[in-house]
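Trainee: Whatever this is, show me its structure:
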Amino acid sequence: MKQENHNNNNINYMHILTIVFVTLKLCKVINWNWIYVIMPSLISIGIAIFIIVIVLIVMVVSKKM
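Mentor: Numbers count the residues shown, from 1 in each chain. Reported below is the predicted structural model:
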């Protein structure tokens, strides 16, 4: 049986989109506010924090039982 190699790359589509937006902003192709430019990364960070909080809540609740 062939073993699949799952390399967990630390970069995802949201970070690539942020890099594209920053590049376009610095090259003055887009005239967006910086908060919109970095929004894809903020969304990724927000999702990660949400998942961590849910896991911690589940751990605390399961430990009390």
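
Trainee: Report all helices and strands that the host helix or strand of Val53 contacts.
Mentor: Assigned by DSSP states H and E, Val53 falls within helix 39-64. In terms of contact count using 3 or more Cβ pairs under 8 Å, 6 or more residues apart in numbering; DSSP states H and E, helix 39-64 is assigned the packing partners helix 13-26. Bear in mind the C-beta positions are built from the backbone N, C-alpha and C, glycine included.

Trainee: what residues does the helix it packs on touch?
Mentor: Residues from elsewhere that reach helix 13-26, judged by Cβ atoms under 8 Å, 6 or more residues apart in numbering: Ile30, Trp32, Trp34, Tyr36, Val37, Ile38, Met39, Pro40, Ser41, Ile43, Ser44.

Trainee: Could you write me a PyMOL select line covering just the buried ones among those residues?
Mentor: Buried residues among the contacts of helix 13-26 (16 or more other Cβ atoms under 10 Å), as a PyMOL selection:
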select buried, resi 37+39+40+41+44
